[in-house]
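# I'd like to go over a predicted model; first the sequence, then the structure.
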Number of protein chains: 4
Amino acid sequence: MTADDLVSLRRDLHRKPEPAWREFYTTARIVDELESRLGDDLAALHVGPDAIAGDHRMAVPDDADLTHWYEQARNAGVDEATLERLEGGYTGAVAVLERGEGPTVGLRVDIDGLPRRESDDAVHQPVAEGFRSEHDGAMHACGHDAHATIGIGVLERIVESDFAGTLKVFFQPAEEVVGGGKSMAESEHIRDVDALLAVHIGLDHPTGEIVAGIDGFLAVSHLEAEFTGESAHAGGHPEQGRNAVQAMATAVQNLYGIPRHNDGATRVNAGVVEGGSAANVIPDEASIVAEVRGETTELMEYMKRRSRQVLRSAAEMHDCEVSIETGAEAPSATSDGDLVSIVADAASDTAGVDRVLERDELGGSEDATFLMKEVQERGGVACYVGVGTDHPGGHHTATFDVDEASIGHGIDVLAGAIERVGRSAN
Amino acid sequence: MTADDLVSLRRDLHRKPEPAWREFYTTARIVDELESRLGDDLAALHVGPDAIAGDHRMAVPDDADLTHWYEQARNAGVDEATLERLEGGYTGAVAVLERGEGPTVGLRVDIDGLPRRESDDAVHQPVAEGFRSEHDGAMHACGHDAHATIGIGVLERIVESDFAGTLKVFFQPAEEVVGGGKSMAESEHIRDVDALLAVHIGLDHPTGEIVAGIDGFLAVSHLEAEFTGESAHAGGHPEQGRNAVQAMATAVQNLYGIPRHNDGATRVNAGVVEGGSAANVIPDEASIVAEVRGETTELMEYMKRRSRQVLRSAAEMHDCEVSIETGAEAPSATSDGDLVSIVADAASDTAGVDRVLERDELGGSEDATFLMKEVQERGGVACYVGVGTDHPGGHHTATFDVDEASIGHGIDVLAGAIERVGRSAN
Amino acid sequence: MTADDLVSLRRDLHRKPEPAWREFYTTARIVDELESRLGDDLAALHVGPDAIAGDHRMAVPDDADLTHWYEQARNAGVDEATLERLEGGYTGAVAVLERGEGPTVGLRVDIDGLPRRESDDAVHQPVAEGFRSEHDGAMHACGHDAHATIGIGVLERIVESDFAGTLKVFFQPAEEVVGGGKSMAESEHIRDVDALLAVHIGLDHPTGEIVAGIDGFLAVSHLEAEFTGESAHAGGHPEQGRNAVQAMATAVQNLYGIPRHNDGATRVNAGVVEGGSAANVIPDEASIVAEVRGETTELMEYMKRRSRQVLRSAAEMHDCEVSIETGAEAPSATSDGDLVSIVADAASDTAGVDRVLERDELGGSEDATFLMKEVQERGGVACYVGVGTDHPGGHHTATFDVDEASIGHGIDVLAGAIERVGRSAN
Amino acid sequence: MTADDLVSLRRDLHRKPEPAWREFYTTARIVDELESRLGDDLAALHVGPDAIAGDHRMAVPDDADLTHWYEQARNAGVDEATLERLEGGYTGAVAVLERGEGPTVGLRVDIDGLPRRESDDAVHQPVAEGFRSEHDGAMHACGHDAHATIGIGVLERIVESDFAGTLKVFFQPAEEVVGGGKSMAESEHIRDVDALLAVHIGLDHPTGEIVAGIDGFLAVSHLEAEFTGESAHAGGHPEQGRNAVQAMATAVQNLYGIPRHNDGATRVNAGVVEGGSAANVIPDEASIVAEVRGETTELMEYMKRRSRQVLRSAAEMHDCEVSIETGAEAPSATSDGDLVSIVADAASDTAGVDRVLERDELGGSEDATFLMKEVQERGGVACYVGVGTDHPGGHHTATFDVDEASIGHGIDVLAGAIERVGRSAN
């Protein structure tokens, strides 16, 4: 695969961003690409329900939503047979190369997009170059299109190398909702992995910079609150209503006001809210989809406990009921020093890389931590690698984009590290 | 038309509630009913764009929404020719009877439903009797199905009477969004009306009770606020966001806290709110659809002014922008004493009516006031009549329903009043 | 007493405003004035604990506060013997004239000031004329200095008249906190009153206007909430605090947001709040002194119930405790038609009165209603009279002042009405 | 001085806690103690205006407050001559020992109390042992009574030692309001200090534990916001008010909701709030005394900027004005490694110390940083030492107390470090 190929693939994925568990086109395209490029070199290619532990999926959308995206993928013209295996939101894939005796190395890349509208500003590269998202409410605003591309590129590179051992690349769905990591960590494929690499592009590091080992993952938990009150005519009998939107607004204000904690960083976000049905009806329903994070699991639990109290009291205050569901969660994790050194070494040897940082803090969350912990608990090592890229807009914003040169850097560094792991084991 | 006919018609309309400007099935069904029942007795039947001043429509939904409801009406099997005249949200009709020399009397009935889900409780009459709304997010929760039925019933009754003069029945769309009254008040059809009657069922009065003249209409104005901030990764860079949901929540809390006013009743409701795109993204967009009311136009203006201040300051506080659009508005109005007396007299003669109140306060809003004021400013008289009905749930709630016996009371009282107006003019 | 005397007396009282239950100087000055002016004409002069039912006092301040004002009055040089009778906050007086056979007429005037700073603007009349409040945190901002003066003026006038019957003037303390009315209504002095007049100056009516009978008293209730949390070092361990100020702020926001009510006017005010001890300590204490009102007692109860819910839930939300005490309350009341007519008649005969309104709504609260209801329940009649006065600032504001010409109008109208009551009984 | 002496002195100071700039008794007592204990050994004793740069005092209370505490100190029976030098809030002292050739070492201890009520629980040691605060609204809740005692103990110890050089002990006022550090940093006394030690007791470290070098000082800034609205009768004309308490409550809610920051820890606290004058008056005044902090000066500036925006917008929202004054501020600072090693060494040699931590984070603020930075900018070194003590309640809480054994540890460690600095310079 040439660099042009990679850019072209990345742009195709960028054009068709699919949010969590709806990566139908994306998965099918990856499968297609792997089969055509690697063919018999692949020892196995696990797809959809065979790639993940389906019971451990978290934050799966409802059927109507799944169907909408499924049909859209079908209309985009992907392989029907592959698509059918993904039905019901069983997306993702695991590709396996067996290259003789040696350690089993895992590489985890995530593949989902975000539910947000991409900028249509003429200076936004995807607009200028014609690969802006075709789906109005969805966007690859975190670079997972590049991640998927890197995963394929690494497989190709290892086939050509003298790596001895087994390589498994995990194309993981649903990272953005912290929903997919656990289902891959619970699958059988992770169990024999001796060394796991995970990768993220950007993270405020410029093109040419590599962070060998990222730490500082925030533990995260999702909360979904549904407030139920009672409707009434807003003009005629406001006093007969039990206003779910007032409860929700009170909760939002106080969620952001949960005290900061001395033990470390915490986060809270009321990311999606809605309520009410008409201007002249006292709202009887409202909802908040929120997430809380903590530098440690304890801090995340602190935020969760206080959030639940805020939600419950806000409901009571306005004579409403509230149901609170705890959604997807992810733990914290750390990168192992030995593996970090190997990655740093590989990075130092990579053309185009002009700065290698041994360590940095993510300050965000990642459900790659599920896989990292699983490997570590079984005696293996894990490392989360940062690949710098110049990105005009911040992560998760409408003008996010990657410098495509960094895709090559990622492939070089990761393939280099994988080869070194193979060598170091002998 | 028999009483059974009327009940059957009302139930058919109830089954197919259509919100403002989307009364495609409803209008077509009314037109069909009028043509088949009254045929040549009708001097004119103005439909859709001929019935209203299209430029004065307020709160018209977007094209996608209009199309959805239009197609749904087509699928329900209404007359295509009628339907085509309504395309683009030009709904409503004006039926005219010319019965010789005499005054021109207007009767205004509204025909739209509300965007809310009807109860599916087995004890809810429409469920028990099989005429619950077929449209999941829409419901006749304010009795406009009965109003439309009364309008048709009155026309039939007057045909059979010795009324001398002209009767115009205004089947008005989009009352619930205060969007249709003005377009009928600005049409040519209202200009020669000498006496206008408007009617509402229920209003917490039981079956058998008639309110001859309702006053106390709250002036109303709709406000739509769109907050725009900036998204950011909620875990990685919360400080880079400008949080539109925080702005919205602050606004909601403070909208409800606008000081009460010594000059009379005021109202405010943040009826529909939404914001954000994903749990892990600082929300860059949020919106509030609100309404304010006042016992007088001045009080409504007071609420509007303070609301705008709250919305603007809430945006600034969170470093967001806000655009505020003032939507539909309706003035206040009063019922004229002479016409009230005539209605009271007619009510006293109506079988099944056991209590006649001369006056009562609505305490809500109504865009019938546009038509009332238009008639009054041209020297005519107007009166808003309340027809009691036992309703299990409050107006605008999921369990609202009418006692169908009151449909007959409404027809009797209004037809009786119209005949009396005819006689009194001679 | 000449008009100049009256003005001079009113100005002296204005200079020394004393809030509820601390009217030590005021009461002593009134007593002194009555004794020197009326002397033996007085059948009785009940002072302090003899004038009121002490057990029924509401909203009495703490001892330190009482002592402060008591000492201040002593330093101002009032009669020590009188002062001692008032110790502990037993203020007020009842003066009795017995003028032969006839009805017993009561006149109630209130005498307390407000705890607010008076304007020091040079155009403010009390500044310009040198009688601005000498007490920095207190002010006669509602005209009770004029009321007390009118009470004395009426007594003098009746002594000179041919009124036959008994006149009792109730100089009532603690109206502003709704704390004194009940203690006078429960005293023995009210029990034989056949006709009770109460009076208020201003109320947005200009000089020369008299309202014969005021209605529309809002029922009122005071609430005192004390939030208790837990302090912590705001920098070191914010998470260990339980923040009483956050609870209080949440409560304030939501108190003002209690839904308006269709049955009539409601009010809520968080009039005095405080909390916390130092910038670097998470506040463990906060308080709200609030009042709620309703056009009817039921509406007041509705506001009280919702307020308590808001206060409780706000505390829970922030892991605090809250104690809520219901303070002073007053009911609603109405003016009797016969007595209103008599007052209107007297007003029509009064020089300087150029407009007499039969009725108006107060739209506020008044604990005169306790006395009015007591008299009415015993078979008597009651009437609340408004005496117009040009007032530059609104009631309870720093620039409130009265047009002293209206003091004479008040005396004339009330004395005239009292004489008419005497005559009408014969 | 024996250990008993020290305990007795500390308890006397504990009994008479004086908040910032009101340490009249405390300063006079320290001066008295120094003179009687050290007498001619003191090379100099700078008191009050001679000890500080008076123009750089921050957060000085008003005259009435100063006078109150001044008179209270006088009544407690301190030396009048000393007291007079402190008049107007010029408190604090600098004691100087000159012990021959050698470096100039500074030791900074703070001496002020907090404006909060001490626990009266029988199990609280100061209650049980009879040295609870005699001032109801003030308390030594952060151990500065122990700090002052340690300062005196170190001076005595050094007199007895063979230390060669100069020792200056800075008895600093007004640390709790971040108000005194700057005035000592700007005085001439700091300019020749080569090595500065500062000390704090407790900080969640148990008795027997020493932290040789504390870092992680949060930069801090105080904000005082005064909201001005317009009062109105809360029952009669709520709409005429401009409610300063609503503005304040909105601000409080949103201050705590300022987004967390990825660059490090931030803090915000609305520590003291008040507003309004009476339950029945719409509040025209309200205030917030707040503080913001940040792990760096930039983070503190971020919090300050967002706080100001919140305060301004909250005022505008409720049609109020707001004046915002930035009060006392302190920068961040770090402990120098060489000095940290010296302290660690001294601690290791101290009886009763069973654990020495090289470093820890304060996570709070301290205006010792002014002195530390001043010394460091002039080429000297500085170190902030933590002396563990079992404290039953948290810092700034009503049950805070120290284990008096740790006073001895503090003296030993600091004197030991000072001697080592003397030796290391030779």
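Yep, it's here.

# use CA for all of it now, contacts and neighbours both
Fine.

# Could you find the closest non-adjacent residue to residue A:291?
The shortest distance from residue A:291 to any non-neighbouring residue, by C-alpha to C-alpha, 6 or more residues apart in numbering or on different chains, is to residue A:222 (4.3 Å).

# As a check, name the ranges of all strands in the stretch 251-400 of chain A.
A:266-275, A:285-294, A:321-330, A:355-361, A:381-387 (DSSP state E, counting those that start in this stretch).

# does chain B sit close to whatever helix or strand residue A:156 lives in?
Using DSSP states H and E, residue A:156 sits within helix A:144-160. No - using C-alpha under 8 Å from any C-alpha of the partner chain, helix A:144-160 never reaches chain B; the gap is at least 14.7 Å.

# For the residue in chain A sticking out farthest from the centre, what are phi and psi?
Centroid-distance maximum for chain A: residue A:236 at 48.0 Å, with C-alpha atoms, centre = their mean. Backbone torsions of residue A:236, given as degrees, to the nearest 10, read phi -80, psi -40.

# Next: the one 4 residues further on.
Phi and psi for residue A:240, reported as degrees, to the nearest 10, are phi -90, psi -10.

# go on, residue A:208?
According to degrees, to the nearest 10, the main-chain angles of residue A:208 amount to phi 100, psi 0.

# Could you pull up the residues touching it?
A:352, A:353, A:354, A:355, A:387, A:388, A:389, A:406, A:409 (C-alpha atoms under 8 Å, 6 or more residues apart in numbering or on different chains).

# Sheet partners, orientation included, of the helix or strand of chain A with the lowest mean pLDDT?
In chain A, no helix or strand scores lower on mean pLDDT, DSSP states H and E than strand A:321-330, which sits at a mean of 87. Applying DSSP bridges, strand A:321-330 is found paired with strand A:219-228 (antiparallel).

# got the angle between the partner strand and strand A:285-294?
Calculated by axes from the mean of the first three to the mean of the last three C-alpha atoms, to 10 degrees, strand A:219-228 forms an angle of 160 degrees with strand A:285-294.

# Okay, buried residues for strand A:219-228 please.
A:219, A:220, A:221, A:222, A:223, A:224, A:225, A:226, A:227, A:228 (16 or more other C-alpha atoms under 10 Å in any protein chain shown).

# Which member of those is positioned nearest residue D:165?
Residue D:165 lies nearest to residue A:219 out of the buried residues of strand A:219-228, by C-alpha to C-alpha, at 52.9 Å.

# For chain A, what lies in contact range of chain C?
A:236-239, A:250, A:254, A:259-262, A:309-310, A:312-314, A:316-318.

# what does the stretch 301-426 of chain A put close to chain D?
So far as C-alpha under 8 Å from any C-alpha goes, the stretch 301-426 of chain A lies against chain D at residue A:363.

# Flag every residue of the stretch 301-426 of chain A that's near chain B.
Checking the stretch 301-426 of chain A against chain B by C-alpha under 8 Å from any C-alpha, the hits are A:362, A:363, A:364, A:365, A:394, A:395, A:396, A:397, A:398.

# Contacts only, for residue A:61.
Applying C-alpha under 8 Å, 6+ apart, the residues contacting residue A:61 are residue A:21.

# Check the gap between it and chain C for me.
As judged by C-alpha to the nearest C-alpha, to the nearest Å, residue A:61 and chain C stand 31 Å apart.

# That residue in helix, strand or coil?
Following DSSP: H, G, I helix; E, B strand; the rest coil, we place residue A:61 in the coil state.

# Which one of the residues in the stretch 301-426 of chain A is closest to chain B?
residue A:364 (4.4 Å; C-alpha to the nearest C-alpha).

# Identify the residues contacting that residue.
With C-alpha under 8 Å, 6+ apart, residue A:364 has these contacts: A:216, A:217, A:218, B:234, B:235, B:236.

# now those in JSON lines, with pLDDT?
What follows is the contacts of residue A:364, written out as JSON lines (pLDDT from 0 to 100):
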{"residue": "A:216", "pLDDT": "79"}
{"residue": "A:217", "pLDDT": "83"}
{"residue": "A:218", "pLDDT": "87"}
{"residue": "B:234", "pLDDT": "91"}
{"residue": "B:235", "pLDDT": "88"}
{"residue": "B:236", "pLDDT": "85"}
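
# Tell me the residue of the stretch 301-426 of chain A that sits nearest chain D?
Closest point on the stretch 301-426 of chain A to chain D, by C-alpha to the nearest C-alpha, is residue A:363, at 6.7 Å.

# Pull the number of nearby residues for that residue.
Residues lying near residue A:363 (other C-alpha atoms under 10 Å in any protein chain shown) number 27.

# gap between it and residue C:111?
For residue A:363, the distance to residue C:111 (C-alpha to C-alpha, to the nearest Å) stands at 65 Å.

# Give me the packing partners of the helix or strand in which residue A:64 is found, helices and strands only.
Counting by DSSP H and E, the element that carries residue A:64 is helix A:63-75. If contacts are counted by 3 or more C-alpha pairs under 8 Å, 6 or more residues apart in numbering or on different chains; DSSP states H and E, helix A:63-75 sits against helix A:24-38.

# need the next SSE after the helix it packs on, C-terminal direction.
strand A:44-47.

# Please enumerate residues in contact with that next one?
For strand A:44-47, using C-alpha under 8 Å, 6+ apart, the contacting residues are A:31, A:82, A:85, A:86, A:91, A:92, A:93, A:94, A:95, A:96, A:97.

# Pipe those residues into JSON lines and attach pLDDT and secondary structure per row.
Conversion of the contacts of strand A:44-47 to JSON lines gives the following (pLDDT from 0 to 100; DSSP: H, G, I helix; E, B strand; the rest coil):
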{"residue": "A:31", "pLDDT": "97", "secondary structure": "helix"}
{"residue": "A:82", "pLDDT": "96", "secondary structure": "helix"}
{"residue": "A:85", "pLDDT": "96", "secondary structure": "helix"}
{"residue": "A:86", "pLDDT": "97", "secondary structure": "helix"}
{"residue": "A:91", "pLDDT": "98", "secondary structure": "coil"}
{"residue": "A:92", "pLDDT": "97", "secondary structure": "coil"}
{"residue": "A:93", "pLDDT": "97", "secondary structure": "strand"}
{"residue": "A:94", "pLDDT": "98", "secondary structure": "strand"}
{"residue": "A:95", "pLDDT": "97", "secondary structure": "strand"}
{"residue": "A:96", "pLDDT": "97", "secondary structure": "strand"}
{"residue": "A:97", "pLDDT": "97", "secondary structure": "strand"}
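
# Rebuild these as a markdown table, extending it with neighbour count and distance to residue D:167.
What follows is those, written out as a markdown table (neighbours: other C-alpha atoms under 10 Å in any protein chain shown; distance: C-alpha to C-alpha, whole Å):
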| residue | neighbour count | distance to residue D:167 |
| --- | --- | --- |
| A:31 | 23 | 76 |
| A:82 | 18 | 81 |
| A:85 | 17 | 80 |
| A:86 | 24 | 77 |
| A:91 | 32 | 72 |
| A:92 | 32 | 70 |
| A:93 | 25 | 71 |
| A:94 | 24 | 70 |
| A:95 | 25 | 72 |
| A:96 | 22 | 72 |
| A:97 | 23 | 72 |
